[in-house]
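A.B. asks: sequence plus the predicted model coming up.
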Amino acid sequence: MTPARHPEHAAENLCTAGAELYGRALREGHVSSAQAEAAPCLVDLGLLHPAVTNLSRLEPVAPAVALHRLLRTAEERIADERRREQLLAEAFEPFMRIDGGTETPATPALAVLSGTARINRAITDAMVVATREILCVQPNVHYSDKRGETAQAVAMDRDQALLDRGGRIRTLYQHTQRHIPLVYARYERLSGDVEARTLDEVTDRLIVIDRTVAFIPADADRDLALEVRHPALVDFLATAFDRLWRLATPMHPQSVRQPTLNGVTPRQRAIAALLVEGHTDAVIADRLGMNIRTARVHIAKLAATLGSDSRAQLGYLIGQSGILKQDH
């Protein structure tokens, strides 16, 4: 029986067999040619190559080297698309001068974008012509998953291009994002007028470009987005960002730590504020961008600090302690 043909795919959609074999090769230093037959994509994508000393073995290319090469290929593809755009513009320029009485439709004030690729392409297209600033709210994004890492890689080049044109970037994160390595790696790589601040709670994801276009999620899974070009709506979103920015704690380029007051940490004060509003542990964890176990640990420490024996008593003691008034 003829074995099934291995499906073609790109590196960002690495098959299960390929991912497992590449991981094994990285851990063990090599795999055999026979083992690689289950995932020929690894050789095709340049993730495995024959060992110099033993041609029956395949050695892995270091992930950092492979990622750099793939990103460079993506950059070259983008450059090719830009050249194609120029050729199309030149080809259609004579027709644009012909007045056939056809009205040119105005750019819609609101447009629904479907799919991660389409959303990223629209953001990239808007940033290509941006010259002033990007305002961005990044809620609790799980950078450990593939979508988060891919989004991070795509954003780096277009952000740096704006900075190179003299633009600036302002980003708001939740406080929990301060401890994510990829967030810090982003600011180590970017060069230019970049600032980041944090809040206990932020809005859902928001990107405002040159205060002329904004992008916001249109569903919980982030597979749909709204492209907003209505001046009043974009101005409203930019103003909301500015007000949150003034309330936020600096994280980059200079980090400021919030003080612990009377043995109560800033995180515990944020939890206390939600506790007195009557929220459950699950809601508190979600709003503050942490897992429920971490939230419960903080609640237990807060109760111990205030000498509480029950949830009801804890709410009363929070009110009596005055710890929430210290935030104002």
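C.D. replies: That came in fine, so what should we check first?

A.B. asks: residue contacts, the closest residue to Gln138 other than its chain neighbours?
C.D. replies: Using C-beta to C-beta, 6 or more residues apart in numbering and skipping residues adjacent in sequence, the residue nearest Gln138 is Tyr173, 5.2 Å away. Every residue, glycine included, has its C-beta placed from N, CA and C. Contacts of Tyr173 were listed using C-beta atoms under 8 Å, 6 or more residues apart in numbering, and they are Gln138, Val183, Ala196, Arg197, Thr198, Leu199, Val202, Met251.

A.B. asks: am I right that the third one is in a helix?
C.D. replies: No - the secondary structure assignment for Ala196 gives strand rather than a helix, going by DSSP: H, G, I helix; E, B strand; the rest coil.

A.B. asks: quickly list what it is bridged to.
C.D. replies: Beta-bridge partners of Ala196, counted by DSSP bridges, are Thr171, His252.

A.B. asks: am I right that it is in contact with His175?
C.D. replies: No - no contact is recorded between Ala196 and His175 when judged using C-beta atoms under 8 Å, the distance being 11.7 Å.

A.B. asks: and this protein, what are its domains?
C.D. replies: 11-64, 108-252, 266-327 (automatic domain parsing).

A.B. asks: how about those domains in TSV, adding distance to Glu85 and mean pLDDT?
C.D. replies: Conversion of those to TSV gives the following (distance: least, C-beta to C-beta, whole Å; pLDDT from 0 to 100):
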stretch	distance to Glu85	mean pLDDT
domain 11-64	23	86
domain 108-252	10	84
domain 266-327	39	78
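
A.B. asks: the closest residue to Leu224 other than its chain neighbours and Leu226, how far apart?
C.D. replies: Nearest-residue entry for Leu224: Ala218, 3.8 Å, with adjacent residues in sequence omitted and distances by C-beta to C-beta, 6+ apart. Ala218 sits 5 Å away from Leu226 when distances are taken as C-beta to C-beta, to the nearest Å.

A.B. asks: can you check Ala51 too?
C.D. replies: Using C-beta to C-beta, we find Ala51 at a distance of 51 Å from Leu226.

A.B. asks: ok, now Asp286?
C.D. replies: With the distance defined as C-beta to C-beta, Asp286 ends up 22 Å from Leu226.

A.B. asks: do the same with Pro253
C.D. replies: According to C-beta to C-beta, Pro253 and Leu226 sit 32 Å apart.

A.B. asks: which SS class is the nearest residue to Gly18 once chain neighbours are set aside?
C.D. replies: Using C-beta to C-beta, 6+ apart and skipping the chain neighbours, the partner closest in space to Gly18 is Ala39 (4.0 Å). The assignment at Ala39 comes out as coil when based on three-state DSSP.

A.B. asks: ditto for the one 10 residues further on
C.D. replies: In terms of secondary structure, His49 is strand; the call rests on three-state DSSP.

A.B. asks: which residues touch it?
C.D. replies: Here His49 is in contact with Val43, Leu58, Glu59, Val61 (C-beta under 8 Å, 6+ apart).

A.B. asks: most neighbours out of the residues you listed, which is it?
C.D. replies: The member of the contacts of His49 that has the most neighbours, counting by other C-beta atoms under 10 Å, is Leu58 with 22 neighbours.

A.B. asks: follow-up on the earlier one: and for the residue nearest to Leu224, the neighbour number?
C.D. replies: Neighbours of Ala218 under the rule other C-beta under 10 Å: 17.

A.B. asks: isn't it right up against Ala225?
C.D. replies: Yes - if you go by C-beta under 8 Å, Ala218 and Ala225 touch, sitting 5.4 Å apart.

A.B. asks: need the overlap of contacts for these two.
C.D. replies: Taking C-beta under 8 Å, 6+ apart as the contact criterion, the residues that touch both Ala218 and Ala225 are Val112, Leu113.

A.B. asks: show me where the stretch 201-328 of the chain has strands.
C.D. replies: For the stretch 201-328 of the chain, the strands defined by DSSP state E, counting those that start in this stretch cover 206-209, 213-217, 224-228, 249-252.

A.B. asks: and those as TSV, adding distance to Leu163 and mean neighbour count?
C.D. replies: Formatted as TSV, the strands of the stretch 201-328 of the chain follow (distance: least, C-beta to C-beta, whole Å; neighbours: other C-beta atoms under 10 Å):
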stretch	distance to Leu163	mean neighbour count
strand 206-209	14	23
strand 213-217	19	20
strand 224-228	23	20
strand 249-252	14	17
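
A.B. asks: nearest approach to Glu8 belongs to which of those strands?
C.D. replies: Judged by C-beta to C-beta, the one of those that comes nearest to Glu8 is strand 224-228, at 28.0 Å.

A.B. asks: quick one: contacts of the closest one?
C.D. replies: Taking C-beta under 8 Å, 6+ apart as the criterion, the residues outside strand 224-228 that touch it are 109-114, 119, 122, 213-218, 234, 237.

A.B. asks: of the residues you listed, which is the nearest to Arg296?
C.D. replies: Nearest to Arg296 among the contacts of strand 224-228, counting by C-beta to C-beta, is Pro217 at 28.3 Å.

A.B. asks: hmm, that closest one is touching Asp204, no?
C.D. replies: Yes - between Pro217 and Asp204 there is a contact at 5.3 Å, judged by C-beta under 8 Å.
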